[in-house]
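Engineer: need a 3D model of the sequence below.
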Amino acid sequence: MRALVQRVSQAAVDVEGERVAQIGPGMLILLGVKRGDTENDADRLADKVRALRIFDDAEGRMNEPLGEREVLCVSQFTLYGDARKGNRPSYVDAAPGAEAEPLYDRFCEAARRRQGRLRRLHGRGPGQRRPGHPDVGVVIREATERDAEAVLALWTEAYFTEGEGGRGAPYDRSDFDATAAAAAHLLVAEAGGAVVGVVALLAPGEPSRAVARKEEAELARLVVAASSRRQGIGRALAERCTALARDEGWEGIALWSRPYQTAGHRLYESLGYERASERDSVDETGFGRLVFRLSL
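Structural biologist: This next block holds a predicted model:
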């Protein structure tokens with residue numbers, strides 16, 4: 001595995017004229033995966049990159065590691081191009097897409113566990129059947145009181161203005177305070193200085209859980225702003241909840257969704273959730289609740 005590292009004052013990637021990833025001061029990484037690379041290789045390289053002392057300290061000396069600066073990581077199979085014979089590079093050493101992508105993800109997750117401000121962008125490698133697909137990471141963090149207005153706007157957009165089976169009134173500050181008090185973790189996704197996603201993770205035993213059983217956590221109120229969907233933000237929020245629940249030693253996570261929220265159903269199933277149809281119900285609004293469960 002190879003990483004070409006460049007410290008930057010800013011960096012961005014455009015695809016067909018559309019800005020798909022951007023960072024401020026930090027590190028740009030081009031990551032190449034070789035055939036035969038392992039998860040241990042990805043973990044070791046992530047640790048090495050994080051520890052590189054290539055940033056200026058208070059005295060102007062190149063002496064600081066990455067710290068809390070931002071990262072843009074782009075997969076780049078051409079780092080394993082071999083032009084020693086002839087003028088046409090050979091890429092036989094580069095791992096094919098099906099092998100490279102999980103290790104690219106592993107590298108990004110290893111870096112993210114130690115540094116939350118990481119943007120990801122898949123490239124296109126030999127054998128990949130799809131074009132480069134932006135998976136723009138965001139800062140996933142615990143919500144604070146300062147996020148209340150933005151979180152309430154997201155919930156209102158999703159559950160009030162979209163209407164069907166939702167609330168009859170916009171959300172207000174009491175809803176934020178009640179959710180923050182009940183949740184073991186109330187997470188927000190921040191991109192470009194704006195809150196673009198939110199999710200609550202309720203611990204086992206929390207009375208406000210709707211469908212979780214005794215030893216299960218419950219994932220609730222997962223919302224991504226309409227303008228920020230299809231960028232992997234909902235997945236990033238849900239994956240962070242899974243990691244937190246595993247760290248707590250909880251046995252599973254349950255959630256419920258409306259029957260018409262089919263895009264959400266596909267996301268949950270791709271994350272390993274299974275339908276728990278024996279728990280389905282109709283709530284006080286007269287609309288159905290479909291229950292999904294993830295075993296940990």
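Engineer: C-alpha from now on. contacts and neighbour counts both.
Structural biologist: Fine.
Engineer: can you tell me the centre-most residue of the protein?
Structural biologist: Ala236 (2.0 Å; Cα atoms, centre = their mean).
Engineer: so for the helix or strand that it is a member of, mean pLDDT?
Structural biologist: Under DSSP states H and E, the secondary-structure element containing Ala236 is helix 233-248. Per-residue pLDDT over helix 233-248 has a mean of 90.
Engineer: same question for stretch 27-44.
Structural biologist: Stretch 27-44 shows a mean pLDDT of 93.
Engineer: what comes up buried for that stretch?
Structural biologist: Buried residues in stretch 27-44, defined by neighbour count with 16 or more other Cα atoms under 10 Å: Met27, Leu28, Ile29, Leu30, Leu31, Gly32, Val33, Lys34, Thr38, Asp41, Ala42, Asp43.
Engineer: CA atoms of that stretch as PDB?
Structural biologist: Extracted in PDB, the C-alpha atoms of stretch 27-44 (Å, rounded to 0.1, in the frame of the first residue of the first chain):
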ATOM      1  CA  MET A  27      -3.400  16.900   4.200                       C
ATOM      2  CA  LEU A  28      -4.200  15.500   0.700                       C
ATOM      3  CA  ILE A  29      -3.600  11.800   0.400                       C
ATOM      4  CA  LEU A  30      -3.500   9.800  -2.800                       C
ATOM      5  CA  LEU A  31      -3.800   6.200  -1.800                       C
ATOM      6  CA  GLY A  32      -2.800   3.200  -3.900                       C
ATOM      7  CA  VAL A  33      -3.600  -0.400  -3.000                       C
ATOM      8  CA  LYS A  34      -1.400  -3.300  -4.200                       C
ATOM      9  CA  ARG A  35      -2.500  -6.900  -4.800                       C
ATOM     10  CA  GLY A  36      -2.000  -8.900  -1.600                       C
ATOM     11  CA  ASP A  37      -2.300  -5.900   0.800                       C
ATOM     12  CA  THR A  38      -4.000  -6.600   4.100                       C
ATOM     13  CA  GLU A  39      -6.100  -4.800   6.700                       C
ATOM     14  CA  ASN A  40      -2.900  -4.700   8.900                       C
ATOM     15  CA  ASP A  41      -1.200  -2.800   6.100                       C
ATOM     16  CA  ALA A  42      -4.000  -0.300   6.000                       C
ATOM     17  CA  ASP A  43      -3.900   0.200   9.700                       C
ATOM     18  CA  ARG A  44      -0.100   0.600   9.900                       C
END
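Engineer: contact partners of that stretch?
Structural biologist: Stretch 27-44 is contacted from outside by 1-8, 11, 66, 69-80, 93-96, 99-100, 103-104, 106-107, 110, using Cα atoms under 8 Å, 6 or more residues apart in numbering.
Engineer: mind checking which of those are in strands?
Structural biologist: Judged by DSSP state E, strands contain the following of these: 2-8, 11, 70-75.
Engineer: neighbour count and distance to Ile23 added to those residues, as TSV?
Structural biologist: Output for the ones in strands among the contacts of stretch 27-44, formatted as TSV (neighbours: other Cα atoms under 10 Å; distance: Cα to Cα, whole Å):
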residue	neighbour count	distance to Ile23
Arg2	17	22
Ala3	19	18
Leu4	14	17
Val5	15	14
Gln6	13	13
Arg7	15	11
Val8	16	9
Ala11	18	5
Glu70	23	6
Val71	30	7
Leu72	26	7
Cys73	27	10
Val74	24	12
Ser75	23	16
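Engineer: any chance of those residues in a markdown table, plus pLDDT?
Structural biologist: Below are the ones in strands among the contacts of stretch 27-44 laid out as a markdown table (pLDDT from 0 to 100):
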| residue | pLDDT |
| --- | --- |
| Arg2 | 95 |
| Ala3 | 94 |
| Leu4 | 93 |
| Val5 | 93 |
| Gln6 | 90 |
| Arg7 | 88 |
| Val8 | 84 |
| Ala11 | 81 |
| Glu70 | 84 |
| Val71 | 87 |
| Leu72 | 87 |
| Cys73 | 88 |
| Val74 | 87 |
| Ser75 | 86 |
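Engineer: closest to Leu152 among those?
Structural biologist: Distance to Leu152 across the ones in strands among the contacts of stretch 27-44 (Cα to Cα) is lowest for Glu70, with 27.4 Å.
Engineer: rewinding a little: can you redo the ones in strands among the contacts of stretch 27-44 as a markdown table with distance to Arg221?
Structural biologist: Formatted as a markdown table, the ones in strands among the contacts of stretch 27-44 follow (distance: Cα to Cα, whole Å):
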| residue | distance to Arg221 |
| --- | --- |
| Arg2 | 39 |
| Ala3 | 38 |
| Leu4 | 39 |
| Val5 | 38 |
| Gln6 | 38 |
| Arg7 | 38 |
| Val8 | 37 |
| Ala11 | 33 |
| Glu70 | 28 |
| Val71 | 29 |
| Leu72 | 29 |
| Cys73 | 30 |
| Val74 | 31 |
| Ser75 | 32 |
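Engineer: thank you kindly, that will do.
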